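> prediction below, plus the sequence it came from.
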Amino acid sequence: MSEARRDGAAGEQGATIVADVAIIGAGLAGTSTAIVLAKAGLRVLLIDAQAVYPSEFRGEKFGLDHMAVLERLGLGPVVRPLLTPMDESRIYRYGRLVSKARLREYGFSYGPLINGLRAALPAQATFLRGRVAEITTGPDLQRIALTDGTLAQARLVVLATGLGDAVRRHAGLRRVETSKGHSLSLGFNMARPRSEFPFDTLTYYGYKPADRMAYLTLFPIDGAMRGNLFVYRQAAEPWTRAFRQAPQPILRDLAPDIVTVCDDFRIDGPVDIRQIDLTVTQDHRRDGIVLVGDAFCTTCPAPGVGFRRVITDVDRLCSVHLPRWFETPGMGADKIASFYQDRVKQGVDGASIASSFYARGMVTGTGLLWDARRVRNAVVRRTLSRIAQPFQQNHDPGRT
């Protein structure tokens, strides 16, 4: 990672940092984009308010298909040492084991993953700690002013600020909530280490709609066994406060058979709680600026679609659209529109948003339509389970 290069003598007051691409926000989307573009030979400026990404409860597991995209982008060697692989997946419904299969997934802590990516920034990328005070965009050149007086200019600005609203407002963009308080994610560590659990990863689905529970999943991160619980509740309601103070009895009520699966089901340490609001950014078709990841839209983590949506944005931007944009002068809104019109991106975004609402409806939806969908899904699952049962009995992948 290089030092900032300035247009003017070193240390000259008012000198401007010059880059091909300025990326604001050094989370998953921003840092991944910076690495890929810098490896392609572009001068990249990566701006973030935090020099070290703090501990934060975000996504903590993804699958083999997500890893394939990271490998294709050249990020595999960077992220592999930061991941905990798991190979056996067990699914429980109504307290019964309905599926045991070999399925490669990866557990990770979000903060260490991002800091590991930052540490891998190539020499063509400059990391700059600072807060944006002003953005001026146009069809040719983009200018950024930081609160400490630092100035930067680039052909293109990539906005990857996630859930943050300040920079979005500076750019004249508007975020609209499509489902406020859509769901609640809760994370915690089990008291027993990973080695004392008889499985790699477990998913335990809720019993009844009144519980408003999507599912509980247990999986390893390093030597610990991590728990993620997804429910359709509000952060401020009494249930949430009660769970934070005493999660054990509530979990036993939600999953009464869990002790037969895990035996000693004690939780160690505090509970992380994150409310999920579904949002979309409007007025985003502008000269000189493109939005990726959660800066463009947010989805619910319960269906497991968020990581795919973010990394797909990075892939399509870096592999398809940005190289074409830089082949010709200018960076007008008509050129950038090709990214938002990308069929792969639109397909992933649309499926992610749809699955966020569908998953909630399958738990909390009322009326004949939702009742019929639950019955249909139950019949399909039982049929598939009967078909797969002989194979599951004859093949126990065990631990790896």
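Ah, there it is.
> not counting its neighbours along the chain, what's nearest the most centrally placed residue in the chain?
Centroid check for the chain by C-alpha atoms, centre = their mean gives Phe307 as the closest residue, at 3.9 Å. Counting by C-beta to C-beta, 6 or more residues apart in numbering, Phe307 lies nearest to Phe62, which is 4.5 Å off, once chain neighbours are set aside. For every residue, glycine as well, the C-beta is placed using N, CA and C.
> repeat for Gly41
Gln124 (6.6 Å).
> ok, Ile144 to Arg131 distance?
Counting by C-beta to C-beta, to the nearest Å, the separation of Ile144 from Arg131 is 11 Å.
> out of the two, which sits in the busier spot?
Ile144 (28 against 14; other C-beta atoms under 10 Å).
> where's that one, which helix or strand?
strand 142-146 (DSSP states H and E).
> what's the answer for Gly269, then?
Going by DSSP H and E, Gly269 is in strand 267-282.
> what lies in contact with the next helix or strand after that strand?
Following strand 267-282 in sequence order, the next helix or strand is strand 289-291 (DSSP H and E). Outside of strand 289-291, the residues that reach it under the criterion C-beta atoms under 8 Å, 6 or more residues apart in numbering are 135, 137, 142, 156-160, 171, 173, 281, 284, 317, 336, 339.
> out of those, list just those in helices.
Using DSSP state H, the subset of the contacts of strand 289-291 located in helices is 336, 339.
> any idea which of the contacts of strand 289-291 has the most stuff around it?
Ranked by neighbours (other C-beta under 10 Å), the contacts of strand 289-291 are led by Ala160, which has 33 neighbours.
> any idea of the pLDDT on it?
Turning to Ala160, the model gives it a pLDDT of 98.
> residues in contact with it?
Neighbours of Ala160 in contact, by C-beta under 8 Å, 6+ apart: 23-27, 29-30, 33, 291-293, 295.
> and the pLDDT for the nearest residue to Cys297 once chain neighbours are set aside?
Leaving aside its sequence neighbours, Cys297 sits nearest to Val280 (C-beta to C-beta, 6+ apart; 4.4 Å). At Val280, the pLDDT value in this model is 97.
> how near is Val280 to Ser356?
From Val280 to Ser356 the distance is 12 Å (C-beta to C-beta).
> the two: who's more crowded?
Ser356 (24 against 16).
> quick check, that one in a helix?
Yes. Assessed by DSSP: H, G, I helix; E, B strand; the rest coil, Ser356 belongs to a helix.
> and the spatially closest residue to it that is not a sequence neighbour, how many neighbours?
Spatial nearest neighbour of Ser356, excluding adjacent residues (C-beta to C-beta, 6+ apart): Cys300 at 3.7 Å. By other C-beta under 10 Å, 26 other residues sit near Cys300.
> kindly report the same for Arg244.
16.
> that's a helix at it, yeah?
Yes. Under three-state DSSP, Arg244 sits within a helix.
> pretty sure it sits against Val271.
Yes. If you go by C-beta atoms under 8 Å, Arg244 and Val271 touch, sitting 5.1 Å apart.
> just to revisit the earlier point, now do the phi/psi pair for the residue nearest to the centre of the chain.
phi -60, psi -40 (degrees, to the nearest 10).
> now name the helix or strand holding Val259.
helix 258-262.
> likewise Ala152?
strand 151-159.
> give the pairing partners of that strand; include direction for each.
strand 16-24 (parallel), strand 142-146 (antiparallel), strand 289-291 (parallel) (DSSP bridges).
> quick one on the thing from earlier: widest-spaced pair of the contacts of Ala160?
Using C-beta to C-beta, the contacts of Ala160 span at most 15.4 Å, a distance reached by Ala26 and Leu291.
> does the closest residue in space to Ala359 that isn't next to it in sequence count as helix, strand or coil?
Distances taken as C-beta to C-beta, 6+ apart put Pro303 closest to Ala359, at 4.6 Å, once the chain neighbours are dropped. Classification of Pro303 by three-state DSSP places it in coil.
> ok, Pro303 to Arg194 distance?
25 Å.
> just the helices in the stretch 101-250 of the chain please.
110-119, 166-170, 238-245, 247-254 (DSSP state H, counting those that start in this stretch).
> with the stretch 301-400 of the chain instead?
Counting by DSSP H, counting those that start in this stretch, the helices of the stretch 301-400 of the chain are 306-316, 322-325, 333-340, 343-364, 368-394.
> out of these, flag the one nearest Ser179.
So among the helices of the stretch 301-400 of the chain, helix 343-364 is nearest, using C-beta to C-beta, at 7.3 Å.
> quick one on the thing from earlier: the residue nearest to Cys297: what's it in contact with?
175-176, 178, 296-298.
> what's the closest non-adjacent residue to Arg266?
Ala191 (3.8 Å).
> for the longest strand belonging to the chain, name the packing helices and strands.
Looking only at the chain and at elements set by DSSP state E, the strand with the highest residue count is strand 174-193. Counting contacts by 3 or more C-beta pairs under 8 Å, 6 or more residues apart in numbering; DSSP states H and E, strand 174-193 is packed against strand 224-231, strand 267-282, helix 343-364.
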